[in-house]
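> Please find the sequence and the predicted model below.
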Amino acid sequence: MNFRIGHGYDIHRTIAGRPLVLGGVQFDAPFGLDGHSDADALTHAICDALLGAAGLPDIGHFFPNTDPQWKNADSQVLLQRVVAALHERGWSPVNVDATLIAEKPKIAPRLAEMKAALARSTGLPVDAVGLKATTNEGSDDIGRGLAIAAHAVALIRKA
């Protein structure tokens, strides 16, 4: 098989006093996401989609939260390492498509910036990175602003 599809999902609770990073872009917000690395849920979902497409273990296997070297790590570096791991196994990303689910902050004004950062980290052209933002219309923890989540799919091909 020359092509494979993978799906990724991530969710992190919001926490005061931490920078909010989504898709490699820092937002001006009174909260960030709780996690071992920078907790960029969008980038983590994309990592898992790429890893899943290649039949590899999830992001936690490669960058465990028990390893101090990944404390506050830039998730764009993690994404670059995931792409390198795919290349080592003969795979290349074709495109990624993701949906970010957050009540706050407003994501739409920064979508182009986020797409550009993700394109740089994956080595894809900007038009091969799909990105959408939505809310949960006030329902559940995401809707109450207590968490941010992301879904992603990725298509890879044998290099």
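In hand now; what should we look at? Residues are numbered from 1 along each chain as shown.
> From here on, just use CA atoms for contacts and neighbour counts.
Noted.
> Quick check: end-to-end length of stretch 85-98?
21 Å (CA to CA, to the nearest Å).
> element containing the residue nearest the centre of the chain?
Centroid-nearest residue in the chain: Thr43, 1.5 Å away (criterion: CA atoms, centre = their mean). Take DSSP states H and E as the rule and Thr43 turns out to sit in helix 41-53.
> again, but for Gly130
Gly130 belongs to strand 129-134, assigned by DSSP H and E.
> Does anything pack onto the helix or strand just after that strand? Which helices or strands?
Under the assignment DSSP H and E, the closest C-terminal helix or strand after strand 129-134 is helix 140-143. Applying 3 or more CA pairs under 8 Å, 6 or more residues apart in numbering; DSSP states H and E, one finds that helix 140-143 contacts strand 147-158.
> and the strand it packs on, what's its mean pLDDT?
What strand 147-158 shows for mean pLDDT is 98.
> which other helices and strands contact the helix holding Thr43?
strand 3-16, strand 20-22, helix 59-62, helix 75-88, strand 91-101, strand 147-158.
> who touches it?
4-12, 22-24, 57-59, 75-76, 78-79, 82-83, 86, 93, 96, 98-100, 118, 148-156 (CA atoms under 8 Å, 6 or more residues apart in numbering).
> and Asn65, that one's in a strand?
No: read with DSSP: H, G, I helix; E, B strand; the rest coil, Asn65 is coil and lies in no strand.
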